[in-house]
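Peer 1: Here is my input; please provide its structure:
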Amino acid sequence: MNNYDDHIQFADNVIERSQLPQSQKIELNQLIQRIQQRQNDPNLYLAVIGEFSSGKSTFINALIRDNLLKTSALVTTAAATRLRYGQEINIEINFRQVPEIIKPRRFWTRNAISAIIRFIENLGLDFDIVTAIEDFLNDAVAFLFSLFNSSNNLTNIITSEDIRAKGIDIREFIHKVTSEEEIAKEVIDVNINHPATFLQNNIVIIDLPGTNATNTRHAQITREIVENEADVAIVIIPATQPVSDTLAEFLISTIQSSLDRCIFVVSRMDQIRQREHNRMLANVRERLVDQLEVNPNKLYSCSAQVVMDDVTGEQQAVNNPEFWIEQFTQMQVEIIERLKSERNAIISENIQGLFGQLFNQIKSYLQSQWNQYKEKEAQIQKETIQDIEYFKNQQYRECINMIDRTATRSENKINDHVDNFRDRTTAKVKEAIFGASDWDGLKYVLNTKVATILREQQNLLSDSIQNECQNLSQSAHEVGQYFDKKFTEVYRSLQALGGRVETNSVFASSNISINTYSVISSAQQLNSSSFGNAMAGLFSHLFRGLLDERKQKIWNEIRPKIYNCFAEIKQQVQPTVKKDADNLKTAINQRINAYITHYKSVVDGMLDEQKMELQRLTQLQATIQADLAEIERRQLQIKVNLR
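Peer 2: Alright, predicted model coming up:
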């Protein structure tokens with residue numbers, strides 16, 4: 001029992017719930033539609049293949065018991081003729097160019113126009129009016145003919161009505177189409193309705209073009225019809241030329257995959273002596289095995305001409321014609337049974353092919369999904385940071401070392417600046433003291449000049465220290481940019497894997513900065529108040545000795561004060577720079593932590609997606625494996641039914 005509808009419904013359900021690409025679904029649905037069309041088609045299609053002069057047309061005439069088709073060894077048209085049942089003979093032919101025998105005649109319309117004009121003239125109308133009417137009719141006819149000729153559907157398809165309207169006998173026209181080269185070469189296809197008993201079994205005979213023509217279109221038409229339309233193909237092998245090389249080559253190159261659906265008929269057996277029949281059939285079978293690698297269950301022999309002589313009442317040229325007629329009739333019965341069985345077999349094979357294609361595609365789809373999953377998993381393993389804590393600590397150590405080196409460099413430069421300004425201040429104060437020429441000048445130096453020198457040098461030192469602090473701050477920013485670059489390189493790989501990048505403030509947070517006031521304030525300790533006590537002592541004994549002696553004493557007392565003041569600045573610089581460096585380290589650590597936290601969240605999101613994908617694939621695999629098992633079961637069932 002055939003369960004075609006059940007099989008098709010199952011396949012349709014699998015396709016519908018599958019996640020196959022839309023293009024593959026469309027392809028499978030089109031295959032289902034073709035199967036259903038064939039299943040619902042009540043007609044059985046019998047193709048007839050043979051070389052020119054092989055007796056193919058005579059064989060078809062014998063099937064319908066009517067001398068309908070003419071034979072010709074010269075016909076080279078690449079056309080198929082379809083004969084189906086009808087209560088009377090009707091024909092529809094599609095031409096490339098309609099032959100003159102049936103083409104509409106312009107002279108008929110011109111004669112009609114002339115008759116109309118003569119009638120109008122007899123009415124006594126004005127000459128100009130008659131002329132105008134004649135011009136109008138000619139233009140109208142010209143327009144109608146141009147419109148008529150512009151449509152292939154109107155001009156190139158000729159029906160029985162067109163032929164009868166021309167007074168041509170339909171049989172005569174069919175003979176011309178199937179035998180006259182000039183007409184036949186313009187034929188695209190022919191459809192004939194005929195009241196033959198054989199055709200009443202819903203059989204459509206397809207007369208294919210001759211196989212031994214040089215026109216490659218013949219092979220194309222034969223291949224398309226045998227593969228896609230015919231249920232059974234009959235191959236006519238004339239006994240007078242059994243399995244010619246040209247026929248074998250054509251069959252192998254054109255329909256080799258369909259040879260198992262072919263019925264091989266040896267025609268013109270009446271021309272072979274009876275005692276040679278068995279040897280002839282054995283010879284044909286041997287050639288089929290050797291040349292085509294096919295060994296048919298039954299090899300038919302017939303004499304279609306004897307059948308046709310009986311139909312036409314021609315005098316029989318053979319003894320016992322009843323034998324050939326009865327044998328041909330029995331062959332027709334078996335052909336009908338073979339058509340029915342092959343139709344079922346073809347539908348079963350098509351469903352097998354549908355299942356096979358569906359099996360491969362959903363299996364391939366499942367495999368591709370697993371491959372994509374494993375590839376993504378491998379990429380995550382390859383492109384993401386495996387030991388994120390180690391990476392974070394490593395980056396932190398590198399950044400801290402950079403900050404330490406920068407802080408040490410800044411501290412050393414500030415100390416150098418302090419020493420330079422100490423020496424410069426000392427020199428300027430000394431020069432001012434020893435440059436005083438009298439007591440009033442020395443008094444002015446001590447009261448005013450020294451304070452001015454100290455103030456000027458203090459301002460210059462503050463500027464120098466501030467520049468170094470700004471350099472320290474800039475270096476700290478460069479450390480942050482260094483980490484940003486390192487992180488961006490890692491994060492770019494994550495983006496390539498599809499990691500989601502949120503446009504938030506993560507990468508703008510934890511700004512690295514330094515407060516330069518704390519260092520600069522150390523320089524401000526260098527002012528006139530630091531020397532107040534020394535100045536007071538100096539003035540108390542200013543006039544007790546000689547001027548030069550007093551200068552030296554004043555210098556000896558001021559010089560250590562200046563050194564001590566700059567030494568205090570140095571002592572303040574080191575903890576201040578260290579404090580700022582520690583602040584920078586804290587800032588960079590916060591920055592690194594913020595980046596790593598965001599990175600972890602993206603990676604965790606990707607891993608969660610992978611987990612969800614794994615669950616989806618596991619469920620998909622279970623569904624597809626069940627479908628594959630059911631497909632295999634149904635394929636086996638169909639295979640068993642075909643035996």
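
Peer 1: residues touching V289, list them.
Peer 2: Contacts for V289 (Cβ atoms under 8 Å, 6 or more residues apart in numbering) come out as N295. Every C-beta, even on glycine, is put in place using the N, C-alpha and C of the backbone.

Peer 1: would you say it is within a helix?
Peer 2: Yes. Assessed by DSSP: H, G, I helix; E, B strand; the rest coil, V289 belongs to a helix.

Peer 1: all strands for this protein, in order.
Peer 2: 44-49, 80-85, 90-95, 157-159, 187-194, 203-207, 232-238, 262-267, 300-301 (DSSP state E).

Peer 1: What number of residues are in the vicinity of the closest residue to R285 other than its chain neighbours?
Peer 2: Spatially, and ignoring its direct neighbours in sequence, R285 is nearest to L299 (5.6 Å; Cβ to Cβ, 6 or more residues apart in numbering). Number of residues near L299 (other Cβ atoms under 10 Å) recorded here: 16.

Peer 1: Please verify my assumption that L299 contacts I263.
Peer 2: No. At 9.1 Å, L299 and I263 do not qualify as touching, with contact defined as Cβ atoms under 8 Å.

Peer 1: Which elements pack onto the lengthiest helix in the chain?
Peer 2: The single longest helix within the chain, with elements called by DSSP state H, is helix 547-642. Helix 547-642 makes packing contacts with helix 4-17, helix 321-383, helix 388-434, helix 439-444, helix 450-496, helix 517-523, helix 532-540 when contacts are defined by 3 or more Cβ pairs under 8 Å, 6 or more residues apart in numbering; DSSP states H and E.

Peer 1: Let's have those helices in JSON lines, adding mean pLDDT, mean neighbour count and distance to I252.
Peer 2: Listed next are the helices and strands packed on helix 547-642 as JSON lines, based on pLDDT from 0 to 100; neighbours: other Cβ atoms under 10 Å; distance: least, Cβ to Cβ, whole Å:
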{"stretch": "helix 4-17", "mean pLDDT": "93", "mean neighbour count": "16", "distance to I252": "32"}
{"stretch": "helix 321-383", "mean pLDDT": "92", "mean neighbour count": "16", "distance to I252": "21"}
{"stretch": "helix 388-434", "mean pLDDT": "90", "mean neighbour count": "17", "distance to I252": "67"}
{"stretch": "helix 439-444", "mean pLDDT": "91", "mean neighbour count": "14", "distance to I252": "128"}
{"stretch": "helix 450-496", "mean pLDDT": "82", "mean neighbour count": "17", "distance to I252": "54"}
{"stretch": "helix 517-523", "mean pLDDT": "51", "mean neighbour count": "19", "distance to I252": "98"}
{"stretch": "helix 532-540", "mean pLDDT": "46", "mean neighbour count": "13", "distance to I252": "123"}
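
Peer 1: Identify whichever of those helices lies nearest to N641.
Peer 2: Closest to N641 of those, according to Cβ to Cβ: helix 321-383, at 6.7 Å.

Peer 1: quick check: angle from the closest one to strand 232-238?
Peer 2: Put simply, helix 321-383 runs at 130 degrees to strand 232-238, going by axes from the mean of the first three to the mean of the last three Cα atoms, to 10 degrees.

Peer 1: Apart from its neighbours in sequence, what residue is nearest E411?
Peer 2: Spatial nearest neighbour of E411, excluding adjacent residues (Cβ to Cβ, 6+ apart): V577 at 4.6 Å.

Peer 1: pLDDT at that neighbour, what is it?
Peer 2: pLDDT for V577: 83.

Peer 1: residues near it, how many?
Peer 2: For V577, the count of nearby residues is 24 (other Cβ under 10 Å).

Peer 1: and stretch 394-401, how far out from the chain's middle?
Peer 2: From the chain centre to the centre of stretch 394-401 is a distance of 48 Å (Cα atoms, centre = their mean, to the nearest Å).

Peer 1: now do stretch 163-177
Peer 2: How far stretch 163-177 lies from its chain's middle: 53 Å, per Cα atoms, centre = their mean.

Peer 1: Quick check: bridge partners of I91?
Peer 2: With DSSP bridges as the criterion, I91 is bridged to I192.

Peer 1: OK, contacts around it?
Peer 2: Contacts of I91 were listed using Cβ under 8 Å, 6+ apart, and they are 158-160, 163, 170, 173-174, 190-193.

Peer 1: re the thing from before, of all the strands of the chain, which lies closest to R38?
Peer 2: Using Cβ to Cβ, those put strand 44-49 closest to R38, at 9.5 Å.

Peer 1: Okay, now the sheet partners of the closest one, with direction.
Peer 2: strand 203-207 (parallel), strand 232-238 (parallel).

Peer 1: Can you list the neighbours in contact with that strand?
Peer 2: With Cβ under 8 Å, 6+ apart as the contact definition, strand 44-49 has outside contacts at 56, 59-60, 201-208, 211, 222, 225-226, 229-236, 251, 255, 262, 335-336, 339-340, 343.

Peer 1: Filter those residues down to the buried ones and hand me the PyMOL line.
Peer 2: Selecting only the buried entries of the contacts of strand 44-49 in PyMOL, with 16 or more other Cβ atoms under 10 Å as the criterion:
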select buried, resi 56+59+60+201+203+204+205+206+207+208+211+222+225+226+229+230+231+232+233+234+235+236+251+255+262+335+336+339+343
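
Peer 1: And for K413, nearest residue in space, chain neighbours not counted?
Peer 2: E468 (5.1 Å).

Peer 1: can you check L31 too?
Peer 2: The shortest distance from L31 to any non-neighbouring residue, by Cβ to Cβ, 6+ apart, is to L354 (5.4 Å).

Peer 1: So the one you found versus I400, what's the distance?
Peer 2: Distance, L354 to I400, by Cβ to Cβ, to the nearest Å: 69 Å.

Peer 1: what about I26, distance to A184?
Peer 2: Distance, I26 to A184, by Cβ to Cβ: 39 Å.

Peer 1: When the two are compared, which one has more neighbours?
Peer 2: Ranked by neighbour count (other Cβ under 10 Å), I26 and A184 place A184 first, with 22 against 12.

Peer 1: Tell me, what's the model's pLDDT at the more buried one?
Peer 2: pLDDT, A184: 76.

Peer 1: go on, N215?
Peer 2: Here, the pLDDT recorded for N215 equals 67.

Peer 1: follow-up on the earlier one: redo the strands paired with strand 44-49 as TSV? Include mean pLDDT.
Peer 2: Formatted as TSV, those follow (pLDDT from 0 to 100):
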stretch	mean pLDDT
strand 203-207	96
strand 232-238	96
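
Peer 1: I'd like the ones you listed as CSV, with distance to I638 appended.
Peer 2: Conversion of the strands paired with strand 44-49 to CSV gives the following (distance: least, Cβ to Cβ, whole Å):
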stretch, distance to I638
strand 203-207, 26
strand 232-238, 20
